[in-house]
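[1] Show me how the following folds:
(one chain, ligands or ions: 1)
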Amino acid sequence: MTDIPKQTLSELINNIKTKKISSEEATKAFIDRSEKSRKLNAYITDSFDRAIKKAKQFDQNPNFDLKLPGIPIAVKDLFCTKDIKTTAGSKILNNFIPTYESTVTQNIWNEGAILLGKLNCDEFAMGSSNETSYFGNVQSPIDENLVPGGSSGGSASALAANLTPVTIGTDTGGSIRQPASFTGTVGLKPTYGSCSRYGIVAFASSLDQAGPMSQNVKDCAILNEVISSYDEKDSTSVDFKRGKYSVELSKNIKGKKIGIPKEYRVDGMPKEIEELWQKGINFAKDCGAEIIDISLPHTTYALPTYYIVAPAEASSNLARYDGVKYGFRSKGDNLIDMYEKTRSEGFGSEVQRRIMIGTYVLSSGYYDAYYLKAQKVRNLIKNDFDEAYKKVDAILTPSTPSSAFKIGEKKDDPVSMYLNDIFTVPVNLAGLPGISIPAGHDKKGYPLGLQIIGKAFDEQNILNIAYSMEEKINFKNKIADWWIK
Ligand code: GLN
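    Purely as a prediction, here's the structure:
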């Protein structure tokens, strides 16, 4: 039997169901590896003692009909977990212990999973490298000098390092798909409205979505089936018939029409990314898909649009952190002084930058010129996809314009950092599902990902395409365990 932490989610489920291993053994194995992997800084808070207790309880009274029977899982620290500290990677929530549970995590525990702990992330999920966290940056298990991507960087690092069999992240502009691409793992951003946002620390409410991250497509389907649910507690939750994603997973994609958008050939894109994309096109053809050239003419406006809409919503969402209701409070001479000090000491510089941009674009006199204009462009971007989907069933693009970069390399250059999201943000602006699958390595041996974008609520279709391509690609992650103590 493979080392427990190196088993895939479906292997683990199988081994627990057939009593080859107990939940306690599995939980202890992941805890042991996590303890030895502190160097990665993947965890903000661990709940190891509680996890062992829960695993023992499961073993005493097992229910093997559950979808995640006794499976230990660590999650991004953006999901509120009842009675367990939830920080969103920020000093301002450093002492916040929620009294309620997010719907997505509740769905996971309802299916028998056990919380291992809360994983590091960029502050309020703002970032592409996990360097904006108040709790320090996360290292990539691929190479100690590399960022794991962001904002779900702790999730990606923990997953790639086998500290958790699967994990969940959130994706506002690429924060699941980009770190998945950087670490050779699979990440799915579901259609907006398919996973509840209830209990997820809000960044930009019209873009935020939770989603699964995994070692392979099948595990991704299993987890998506668990987390995707209609929820009355989220007014943007959509009541559609959710598929049995893992059961209906199929490699037969014969005749599927896959679009290749010419606007994604951006200037200065490394040759390796171009080659990877071509390789992906060939694999898709090998799988029986038909390749069709398409145009998404407003793609170039997606990034500037995102960097108006997202900060605007963030500035409004983050107004609630005032030192009164919850979280960190600074001493002040009077109420206004207390607000000011709390917010300037409690938020990091990237968050403050976004609040300033957001407040500016929403302010009287600039609202029409920026925010309203951005909303109109957002509509055009969505219309591009609607047009394209009259001709194709899915769209194939690279996930990111480069492989993982070095820690510190882009930290002081926000624009170059923002450029990372160029292929992922259009998907959030249009509310569509997108999956990143590992598809190759660059010449330094760093992973590269391909993105498959689907029609709204068509997760099954992109999972099937990913599943079928995954077999052809046969990707092997190059991880050397350098960080293990
Ligand atoms: N990197 C993007 C940003 O900084 C996306 C973040 C996300 O998806 N949460 O806003």
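
[2] Please enumerate the strands of the stretch 251-400 of the chain.
    Along the stretch 251-400 of the chain, the stretches classed as strands by DSSP state E, counting those that start in this stretch are 257-261, 290-294, 394-398.

[3] nearest to the ligand, of these?
    Nearest to the ligand, of all those, is strand 394-398, at 16.0 Å by Cβ to the nearest ligand atom. Placement of C-beta: from N, CA and C, glycine included.

[4] Can you show me the CA trace of the closest one as PDB?
    The C-alpha trace of strand 394-398 is given here as PDB (Å, rounded to 0.1, in the frame of the first residue of the first chain):
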ATOM      1  CA  ALA A 394     -15.700  24.500 -23.800                       C
ATOM      2  CA  ILE A 395     -12.700  26.700 -24.200                       C
ATOM      3  CA  LEU A 396      -9.000  25.700 -23.700                       C
ATOM      4  CA  THR A 397      -6.400  28.200 -22.600                       C
ATOM      5  CA  PRO A 398      -3.200  28.300 -20.500                       C
END
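
[5] follow-up on the earlier one: with respect to burial, which of the strands of the stretch 251-400 of the chain scores highest?
    strand 394-398 (a mean of 26; mean count of other Cβ atoms under 10 Å).

[6] what's the next secondary structure element after that strand?
    helix 414-418 (DSSP states H and E).

[7] buried stuff in that following helix?
    By 16 or more other Cβ atoms under 10 Å, the buried positions in helix 414-418 come out as 414, 417-418.

[8] Kindly report the same for stretch 320-334.
    For stretch 320-334, a neighbour-count test (16+ other Cβ under 10 Å) marks 321-323, 326-330 as buried.

[9] Could you list which of those residues belong to helices?
    In helices, judged by DSSP state H, none of these are found.

[10] was I right about residue 206 contacting residue 309?
    Yes. Between residue 206 and residue 309 a contact is recorded at 7.1 Å, counting by Cβ atoms under 8 Å.

[11] picking up where we left off before, save the strands of the stretch 251-400 of the chain as TSV, and put in distance to the ligand too.
    Formatted as TSV, the strands of the stretch 251-400 of the chain follow (distance: least, Cβ to the nearest ligand atom, whole Å):
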stretch	distance to the ligand
strand 257-261	20
strand 290-294	25
strand 394-398	16
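
[12] Adding distance to residue 459, write those out as a markdown table.
    A markdown table is the format used below for those (distance: least, Cβ to Cβ, whole Å):
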| stretch | distance to residue 459 |
| --- | --- |
| strand 257-261 | 16 |
| strand 290-294 | 21 |
| strand 394-398 | 11 |
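
[13] mind putting these in JSON lines, mean pLDDT and distance to residue 301 included?
    As requested, the strands of the stretch 251-400 of the chain are arranged in JSON lines below (pLDDT from 0 to 100; distance: least, Cβ to Cβ, whole Å):
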{"stretch": "strand 257-261", "mean pLDDT": "98", "distance to residue 301": "14"}
{"stretch": "strand 290-294", "mean pLDDT": "98", "distance to residue 301": "17"}
{"stretch": "strand 394-398", "mean pLDDT": "98", "distance to residue 301": "16"}
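
[14] Please give me every residue in contact with residue 266.
    Counting by Cβ atoms under 8 Å, 6 or more residues apart in numbering, residue 266 touches 401, 422.

[15] what about 10 Å?
    Taking Cβ atoms under 10 Å, 6 or more residues apart in numbering, we find residue 266 in contact with 273, 299-300, 398, 401, 419, 422-423.

[16] How much space separates the most centrally placed residue in the chain from residue 59?
    With distances taken as Cα atoms, centre = their mean, the residue of the chain nearest its centroid is residue 176 (2.1 Å). Residue 176 sits at a distance of 32 Å from residue 59 (criterion: Cβ to Cβ, to the nearest Å).

[17] List the residues that contact residue 182.
    By Cβ under 10 Å, 6+ apart, the contact list for residue 182 reads 128-130, 140, 142, 146-150, 153, 156-157, 160, 399-400, 402-405, 420, 436, 438, 446-449.

[18] Only the buried residues of the host helix or strand of it, if you could.
    According to DSSP H and E, residue 182 maps onto helix 177-183. Residues of helix 177-183 classed as buried: 177-183 (neighbour count, 16+ other Cβ under 10 Å).

[19] Next, the contact list for the residue nearest to the centre of the chain, please.
    Residue 176 touches 76, 149, 151-152, 155-156, 167-170, 185-190, 209-213, 424, 434-436, counting by Cβ under 10 Å, 6+ apart.

[20] Can you name the residue of the stretch 301-450 of the chain nearest to the ligand?
    Counting by Cβ to the nearest ligand atom, the stretch 301-450 of the chain gets nearest the ligand through residue 421, at 4.8 Å.

[21] So which bits of the stretch 151-300 of the chain are right by the ligand?
    Counting by Cβ under 6 Å from any ligand atom, the stretch 151-300 of the chain comes close to the ligand at 151, 170-175, 203.

[22] could those go into CSV alongside distance to residue 458?
    Formatted as CSV, these follow (distance: Cβ to Cβ, whole Å):
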residue, distance to residue 458
151, 25
170, 21
171, 17
172, 21
173, 21
174, 19
175, 21
203, 25
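
[23] thinking again about what came up before, how much space between the residue nearest to the centre of the chain and residue 165?
    According to Cβ to Cβ, residue 176 and residue 165 sit 17 Å apart.

[24] Then residue 464?
    The value you get for residue 464 to residue 165, if Cβ to Cβ is used, is 22 Å.

[25] who has more neighbours, those two?
    A count of neighbours by other Cβ atoms under 10 Å puts residue 165 above the other of residue 464 and residue 165, at 29 against 25.

[26] partner residues bridging residue 140?
    Note on residue 140: beta-bridge partners by DSSP bridges are residue 143.

[27] Would you check which pair of the contacts of residue 266 lies furthest apart?
    Farthest apart among the contacts of residue 266 by Cβ to Cβ are 273 and 300. That separation is 17.2 Å.

[28] Comparing those two, which residue is more hemmed in?
    The residue with more neighbours, out of residue 273 and residue 300, is residue 273; 25 against 12, by other Cβ under 10 Å.
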